[in-house]
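Chemist: Task: produce atomic coordinates for the following.
(3 chains)
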Amino acid sequence: MKTFNQYLNEFEEIGFVEEVIHSLVIVSGLPGAFPHEIIVFESGQIGEVFTLSSDSVTVLLFSKESLKIGTRATRTNQTLQIPVDENFLGHVINPLGITIDNSKPPNHKDSQKRFVHQNPSDLHTRALISQSCETGVSLVDMMIPLGRGQRELIIGDRKTGKSNFLLKTVLTQAGQGVICVYTTIGKKKQDIKKAHEFFQKHGVSKNVVIVASNSQDSAGMIYITPYTAITIAEYFKDTGKHVLIVLDDLTMHAKYYREISLLSKRFPGRNSYPGDIFYVHAKLLERSGNFKTDKGDVSITCLSVAETMQGDLTGYIQTNVMSMTDGHIFFDSDLFAKGRRPAINPFLSVTRVGKQTQTIVRREINRELSSFLTLFDKMQNYIHFGAELSDNIKLTLSTGNKILTFFDQSPFMVVPHNIQMVLFCVLWSNGWEGKTNDEMRSEMDFLIDVYKKNKQFKDTVDGLVSNAKSFNDLINKAKLATPEILGYTKK
Amino acid sequence: MKFLPILKLIKTTDDVSRINDELEILLASLYRVKNGFETTLKKSVSMELANVIKDLAGQTNKDLRGQMRGLLVDIQKYLLSLPVVKLTLAFSPSQEFVEKIVSYIRENMNSSAVIELAKDSSILGGAIISASGKYKDISLKKALEKTFEGKREIISKLT
Amino acid sequence: MTIEPTIFFNIMGSLFVLGIALIVVGVLYIKTLKKLDRLHKREIKIDEETHKKALHLIQNSRDKGYEIIQDANIKAQEILKNAASITDKSKTVLEKELEKVYKKQVKDLGTTSNELLDDYQKLLEDAKKDSLNMVKNISKSIEMSALSEVQDFKDVLRQETLVSQKVVAEKIQQEYDQIQEDVKAYKQEKLKQVEDSLFALLKKVSEETIGKTLSLEQHEELVLEALERGKKELKL
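Modeler: So this is what the prediction gives:
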């Protein structure tokens, strides 16, 4: 970036700071300014044009330090750009592309620069979503499957395990070579550090970039965070790599945007949010998807987070984002209180495009599970009556409880697709009959670990899944292989 | 047009703020019994301004307090609306020269402009002009820099 | 009162019978006592006799035992004597036999070793002759090939030396050129630095001079010129 005087002499337009309102600065002059243009101040701060009026410009500052009245400002004739290259991988950066972790900052001398505010790609560049996106969480992969290029909303109350789920998904995808952009919008510094350490500990940080703005940053910085993240994601997509972007969370982003809009005296709408709050999120989420490129179909999968209050899914921002995304995964605080982890309510969760990426067998499992769990849920209401239960009902209840135990996963345990299916089939064919749920769970955990470490076992499981033509076929094969599979728990 | 006599009194932004202060004094005196408006007009403000106000009041028959107040506030608004041309010079100009500059600007650029002068000897000569958000560095320093850059080879041969 | 005679006779009769019974019992009792006494004495006697007999038996068996032991001792001594004599005997026999065998073996060995030695000597001589021949042949061929190789090597070395001399010379020249270039670049850089600083100095001096030498009129003229230019370019 050039100096203030260089820009001043180049564009020959000057402005003077007339008023400072938190992160907004009213600058008189600058007749040629356009929306989102970068304005440079004499004191070195930069900001973005937020509002234009006939004789003044409202600039959204990116720094926390305030300006003095009368400070000169000049235009740069460009919108915000950040350097993008592979050197970002493994680092924590701020929305201006500056490294903020303790490591040596990467060299961006030869990097490409990209504009942060870009229009989403056109319709003709989009491709159908056809590959599945593994999260490593059995409940999601089997009942609410995701596809690469899908935009899925992770919604729920605070402290219901949403961030945990996201970290697990990033771990799974980064382990498969997908580039992950993990965005924290206005979070605590401690949470950002924990996420960074988590990725380093599990050895996936070489595929992960963290774009972070903490709660102490200015509103302007927090506002542009997700746009910077999606710009970085687009760079990696253009190099032919699949990308997963996590936006945690959009309700916080909406709150800061509301603050900025109200301070700039824009007219408040519903819940005091500005009228363009939908557009602010839509233009962001529309930049992800599955794209046709010269390197084949490449995707940007977007997992955005929205927080609810006491499970209220009908909130303004929540419904907005739900309508922009291809489904949502609902984290129920009641289920969390009951001890279910993850506390996902599969009946209130939706995936609009994930099922088309599933194989026939998985689809059949999904169907079977959905109908069974609905039945199980209904039956749970009957047992309150205290009537004597028939054997059928008892079996259903027992199987249902076993399935719920199967879906419970310890925090950071990742379960690959194939072992999920085989374990489920073993369960479905009463492979764990006579054992308690805890015994079954510990054996399952052991087998998942064996799958990851023992090549022979892995080949057996993978072979079972790949050779199965239908769910019943897989069940039969699993039934026959059950002694062999369970035999590993005794070794 | 109406306030042209006021404009004739004003050359620089210092003049604007001085006249604004005098108008404030007049406004404050409007509803006083002791040292009222008439007294203040005679004793506390400059003669030129007093005459102008009397003329303007006479033209529009603004004897009544409320209407006089309106006139004074209008004059204040007019003063605020005057476009400001900022000039940075390398020297402190005489009053005569200031008037020359103002008349030049009013004839050639904007008929109701007032100038804001700043001194910066580092520009060596000429002026840096900024008005309505536009900025132009027409200083001697810049010209020298340009010359030096343009004739760098020749100069370096000399050294 | 008078007692009837029958009753009196009855009583007397009973008394008489009782008395006789008593006498009989008494006699029997005495007899039994005597018998008992006799039996007792007999018992004592039997005890004594058995005791004596037992003692006698013990004594007899002891004596017999002693006899047996003595016999056994004597026999053992005899056996030992015999054994000693046998061992002595067998020893001498064994020694004699061994000596015989030994002498025979020595003789045999002597002959075989002589034979072997002769054979071996023969073989050695043959081998020596053969190897000498072989060595002679080999060394000749080696010599030939070595000579030719040395010659080749010399030629190659000569060529290589020439080539490498050339290469080295070229390399040196290259390095030299590179160094020259580096020195030139360094010189130019330094010159440029000097030039820049001189330039900056010149500029500063000019500015200072001009700033101080301009008169008020000249200043005013410059300002008006600037306004003239500003009028065209700013378009207020």
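Chemist: and the host helix or strand of residue C:192, does that touch chain B?
Modeler: For residue C:192, the host element (DSSP states H and E) is helix C:5-213. Yes: with CB under 8 Å from any CB of the partner chain as the criterion, chain B is reached by helix C:5-213 at C:195, C:198, C:199, C:202, C:203, C:206, C:207, C:210, C:211. In this view, the C-beta of every residue, glycine as well, is placed from N, C-alpha and C.
Chemist: Could you export these to TSV, including columns for neighbour count, pLDDT and distance to chain A?
Modeler: Listed next are those as TSV, based on neighbours: other CB atoms under 10 Å in any protein chain shown; pLDDT from 0 to 100; distance: CB to the nearest CB, whole Å:
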residue	neighbour count	pLDDT	distance to chain A
C:195	16	79	23
C:198	14	81	24
C:199	17	79	20
C:202	15	81	22
C:203	17	79	16
C:206	15	79	20
C:207	18	79	17
C:210	15	78	20
C:211	17	74	19
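Chemist: between the residues you listed, which is closest to residue B:75?
Modeler: Using CB to CB, residue C:211 is the member of the residues of helix C:5-213 next to chain B that sits closest to residue B:75, with 41.5 Å.
Chemist: Now that closest one. Nearest residue, chain neighbours left out?
Modeler: Closest residue in space to residue C:211, ignoring its immediate chain neighbours: residue B:124 at 4.7 Å, by CB to CB, 6 or more residues apart in numbering or on different chains.
Chemist: For burial, what's the neighbour tally of that neighbour?
Modeler: 24 (other CB atoms under 10 Å in any protein chain shown).
Chemist: residues contacting it?
Modeler: Listed by CB atoms under 8 Å, 6 or more residues apart in numbering or on different chains, the contact partners of residue B:124 are B:90, B:139, B:140, B:141, B:144, C:207, C:210, C:211, C:214.
Chemist: In the stretch 51-200 of chain A, what residue lies closest to chain B?
Modeler: residue A:74 (7.6 Å; CB to the nearest CB).
Chemist: contacting residues for the nearest residue to residue A:138 once chain neighbours are set aside?
Modeler: Nearest residue to residue A:138, sequence neighbours excluded (CB to CB, 6+ apart): residue A:420, at 4.7 Å. Taking CB under 8 Å, 6+ apart, we find residue A:420 in contact with A:138, A:141, A:142.
Chemist: rerun at 10 Å
Modeler: Applying CB atoms under 10 Å, 6 or more residues apart in numbering or on different chains to residue A:420 gives the contacts A:134, A:136-139, A:141-142, A:362, A:365, A:406-407, A:444, A:448, A:451, A:461, A:465.
Chemist: Output the contacts of residue B:124 in a markdown table; the columns should cover distance to residue A:160.
Modeler: Converted to a markdown table, the contacts of residue B:124 look like this (distance: CB to CB, whole Å):
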| residue | distance to residue A:160 |
| --- | --- |
| B:90 | 68 |
| B:139 | 64 |
| B:140 | 69 |
| B:141 | 65 |
| B:144 | 69 |
| C:207 | 69 |
| C:210 | 74 |
| C:211 | 71 |
| C:214 | 76 |
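Chemist: in which helix or strand would I find the closest residue to residue B:55 other than its chain neighbours?
Modeler: The shortest distance from residue B:55 to any non-neighbouring residue, by CB to CB, 6+ apart, is to residue B:5 (6.5 Å). Assigned by DSSP H and E, residue B:5 belongs to helix B:4-9.
Chemist: Likewise for residue B:145?
Modeler: helix B:140-150.
Chemist: mind exporting that helix as PDB, just the C-alpha atoms?
Modeler: Extracted in PDB, the C-alpha atoms of helix B:140-150 (Å, rounded to 0.1, in the frame of the first residue of the first chain):
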ATOM      1  CA  LEU B 140       7.200  25.400  -5.900                       C
ATOM      2  CA  LYS B 141       8.500  22.400  -3.900                       C
ATOM      3  CA  LYS B 142       6.500  20.000  -6.100                       C
ATOM      4  CA  ALA B 143       7.600  21.800  -9.200                       C
ATOM      5  CA  LEU B 144      11.200  21.500  -8.100                       C
ATOM      6  CA  GLU B 145      10.800  17.800  -7.300                       C
ATOM      7  CA  LYS B 146       9.400  17.200 -10.700                       C
ATOM      8  CA  THR B 147      12.200  19.100 -12.400                       C
ATOM      9  CA  PHE B 148      14.800  17.300 -10.400                       C
ATOM     10  CA  GLU B 149      13.300  13.900 -11.200                       C
ATOM     11  CA  GLY B 150      12.900  14.800 -14.800                       C
END
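Chemist: Return the backbone torsion pair for the residue of the stretch 51-200 of chain A closest to chain B.
Modeler: Torsion angles at residue A:74 (phi, psi; degrees, to the nearest 10) stand at phi -140, psi 160.
Chemist: Equivalent analysis for the one 10 residues further on, please.
Modeler: Taking degrees, to the nearest 10, you get phi -130, psi 130 for the backbone angles of residue A:84.
Chemist: tally of neighbours for it?
Modeler: Residues near residue A:84, counting by other CB under 10 Å, number 23.
Chemist: so who does the residue of the stretch 151-300 of chain A found nearest chain B touch?
Modeler: Closest residue of the stretch 151-300 of chain A to chain B, CB to the nearest CB: residue A:264 (19.5 Å). Residue A:264 makes contact with A:21, A:23, A:24, A:26, A:50, A:51, A:58, A:60, A:274, according to CB under 10 Å, 6+ apart.
Chemist: Ok, residue C:89 next?
Modeler: Counting by CB under 10 Å, 6+ apart, residue C:89 has contacts residue C:82.
Chemist: Could you measure from it over to residue C:98?
Modeler: Distance, residue C:89 to residue C:98, by CB to CB, to the nearest Å: 15 Å.
Chemist: same thing with residue B:138?
Modeler: Counting by CB to CB, the separation of residue B:138 from residue C:98 is 138 Å.
Chemist: out of the two, which sits in the busier spot?
Modeler: Shown here are residue B:138 and residue C:98; by other CB under 10 Å, residue B:138 has more neighbours (22 against 10).
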